[in-house]
Structure formats: structure tokens, C-alpha cells
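Peer 1: got a predicted structure plus its sequence, pasted below:
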Amino acid sequence: MWDGLSRLISYIDPYIQFPWVIQHVIDISIVAFVLYKLLLLIRETRAEQVLKGLAILLFATKLSELLQFNTIYWILKNTATVGVIALLIVFQPELRRALEQIGRGQLFDRLFLRDEKDPSLLINEVVRSVQNMARLKIGALIVIERKTGINEVIETGVRIDAELSSSLLENIFVVNTPLHDGAVIIRGDRIAAAGCFLPLTENNNISKQLGTRHRAALGISEISDALAIVVSEETGVISIAVNGKLTRYLDSKTLKEMLKKVYIREKEPRSFIPKKWRSRNEQ
């Protein structure tokens, strides 16, 4: 009897342990997913180069220990004690960006548009105004607020809180008017403010041909999930900045496609740019 019971237990034991295997698989999968997202977050940023430098330093520390280079090992080991504070300072933009992306989740999501407005009507107004200004070579900078609030930017300009219309947008950017030099902020279905000052990008690798409007558009897209539309005053070229990337030489059709994805709250900002346009991005 005991032999039969022992054989039965040995037979079902793997199945009893099976839930624990699933638990470990889930645990490892979550860690791998988080690491993957962190790598995507720092890709093509200054943090990527910093991590490479840290990897070299760690390798040098271990190598100096194995080769018994005591002086070098002592210096590198003691330098690591202040490494945590240094990392927090260096990675401050990336940490802020990561926390903002967590806050943009569905749990904290807020309505992007008011129910009474049809998104297609708003998109048509923006595209129409941009198209007209590009044709007339009127410089413009339009920022569409999304999930990350940019009240600090709105406060730098003149509050308008007016219904969005192409006529009003075009009138704001007419040359020699008081508000034409700043940025217009669109919040939901309304123009929140005009004449706003935006932070300039810290990226030194962008083309020298790009002016202040393009640098400001990149700057606001780097610190938030806002989308910035630029019309060049010199060439009339339409550009769009999102997630720290600038896409140029857009036509009205492509611009409308991007705005549609914004107003239906697409989750990944990178997907706003069609593949056929990604090769034309300028850092």
C-alpha cells in the first residue's frame, strides 16, 4: 500500500510544483520586460553613452582587481561610492521621462477632447491653417498638449481660451502682430494660449539650418509628450516634432494622418510617424 502511495505521489509531484514554475516564469518575464522598456527609454539619448562609459569603468575595476593593480583598484572602487548620486544627476531627464510615461497609463488617463466636438473638424482646422501659412510662408509654431500637462509653458504666454479655428490660428501668426513670435498651445478643442516661450532642445547634433522654432519644437517634445507643428518662415516647409524626433517636408495629407493618431490617443508616440517618413527624420 505504501509503495503504491509513494508511486502516486512521485507521479503527481511534478504537477504540484508546476504552479511554482509558472510563477518564476512570470517573475522573469516581468523583469525582462521592464529592462527592455528601460533600454528603449535611453536609446539614442545621452544616457546611452553614459551607460557605455559605466560598463567600461566596471570592467576596468574588475580587471584591476584581478591584475592586483591596487592603486587603480582603490581609486575606481572609491569613485563608485558617489556613483549613485552622479547617476541620479546625469539621468534626471530620463527619470523624469520614465515617470511621466508611467503617469500616462490608462489608470491616470484623462479625456483628450471634449465630447461635443468632432475630432475630424478640429484636425481639419489645424491642417487648413498650416497649409495656408505654408503657402504664404508665414512662420508658425503650434503645440498640441496631450497627456502631460504643460501649464508652466502656457503661463509664459497670453491666455486666450478660444475655440479652435483656422482663421484665428492664421491671424495669430501674421507678421508684426504681438503674438506671432511665440508658440500657440492647443489644449483639447481650444486654443489655450499664444505667444508662449518653449524650452530649446539640448541636442547639438541637429542641422545648423534649423532655426529657433524647430529647436523649440524639439525642446517641448523632449520634456513632454506634446506634439509640435512648425511652419518655416523662409521655405514654408512643414515639420512636426514628437518624442524628441523631428520630421520635415510634410504635406497636408501626412500631417492629417498624424493628427488623427494623436486625437484617438495612440499609445506609442513613435508610431505617429509613418514608416515612409522615418528615414527623413533629423536629429
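Peer 2: Noted; the coordinates are in hand.

Peer 1: so which bits of stretch 148-158 are buried?
Peer 2: Buried residues in stretch 148-158, defined by neighbour count with 16 or more other C-beta atoms under 10 Å: 150, 153, 154, 157. (Each C-beta comes from the backbone N, C-alpha and C, glycine too.)

Peer 1: repeat for stretch 245-253
Peer 2: Along stretch 245-253, these residues count as buried under the neighbour rule (16+ other C-beta under 10 Å): 245, 246, 247, 248, 250.

Peer 1: which residue packs closest to the last one, ignoring adjacent ones?
Peer 2: Spelled out, it's residue 250. Leaving aside its chain neighbours, residue 250 sits nearest to residue 238 (4.4 Å; criterion: C-beta to C-beta, 6 or more residues apart in numbering).

Peer 1: residues contacting residue 192?
Peer 2: 145, 154, 159, 160, 161, 185, 186 (C-beta atoms under 8 Å, 6 or more residues apart in numbering).

Peer 1: so how far is residue 169 from it?
Peer 2: Look at residue 192 and residue 169: by C-beta to C-beta, to the nearest Å, they are 13 Å apart.

Peer 1: what are the ranges of the helices in the stretch 151-283 of the chain?
Peer 2: For the stretch 151-283 of the chain, the helices defined by DSSP state H, counting those that start in this stretch cover 151-154, 166-172, 212-223, 252-263, 275-278.

Peer 1: next one: the stretch 1-150 of the chain
Peer 2: Using DSSP H, counting those that start in this stretch, helices in the stretch 1-150 of the chain cover 2-42, 46-66, 70-79, 83-90, 92-103, 119-136.

Peer 1: lowest average confidence across these, which one?
Peer 2: Ranked by mean pLDDT, these bottom out at helix 92-103, with a mean of 64.

Peer 1: what about the stretch 151-283 of the chain, any weak spots by pLDDT?
Peer 2: Along the stretch 151-283 of the chain, segments meeting pLDDT under 70 span 263-283.

Peer 1: mind doing that once more with 50?
Peer 2: Scanning the stretch 151-283 of the chain for pLDDT under 50 picks out 266-283.
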